[in-house]
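Student: can't give you the sequence, but here's the structure:
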């Protein structure tokens, strides 16, 4: 069984501006508060194939998530493969909304191994992770707004 989490937020910038925050992996802990540190381990010029590690902390629990970028559509989508303790795929998707605004979706499809509780762990983790991911997206929205103020109308 796979745990699927979909979180979204409207961001008051163009997709190009938002993209610069998403593609700067090592800077993501500024808004992704559960990510203690992100280290690029193997950088690829075309981005696809880049491998990075994220030290993640949720409450007292820490894990090292190894991820590899498997697909990218510039200004639209980043797809990663989780290769750590918990497997699966993650997606950052950017959609045009209105002029100067976009919608950002963070989608995770996570597979918990049987020795971590499998489907039971997925249900419990799902409740916590949904809140964490939405909080992170709200942090991103607020950070982007602070650093890219919109002119008064």
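Tutor: It's in. Keep in mind that what you see is a predicted model, and the values were worked out from it rather than measured. Numbers count the residues shown, from 1 in each chain.
Student: count of neighbours near the closest residue in space to residue 101 that isn't next to it in sequence?
Tutor: Nearest residue to residue 101, sequence neighbours excluded (C-beta to C-beta, 6 or more residues apart in numbering): residue 12, at 5.4 Å. Using the backbone N, CA and C atoms, a C-beta is placed for each residue, glycine as well. Residues near residue 12, counting by other C-beta atoms under 10 Å, number 17.
Student: and residue 70, by the same measure?
Tutor: Quick note: residue 70 (other C-beta under 10 Å) scores 14 neighbours.
Student: how about it, secondary structure?
Tutor: Of the three states, residue 70 takes strand according to DSSP: H, G, I helix; E, B strand; the rest coil.
Student: wait, it touches residue 83, no?
Tutor: No - using C-beta atoms under 8 Å, residue 70 makes no contact with residue 83, being 10.4 Å away.
Student: show me the longest helix that occurs in the chain.
Tutor: Looking across the chain with DSSP state H, the single longest helix is helix 118-147.
Student: which strands or helices does it pack on?
Tutor: If contacts are counted by 3 or more C-beta pairs under 8 Å, 6 or more residues apart in numbering; DSSP states H and E, helix 118-147 sits against strand 3-11, helix 15-22, strand 51-58, strand 101-111.
Student: and the residue nearest to residue 101, what does it touch?
Tutor: Neighbouring residues of residue 12 by C-beta atoms under 8 Å, 6 or more residues apart in numbering: 100, 101, 141, 144, 145, 150.
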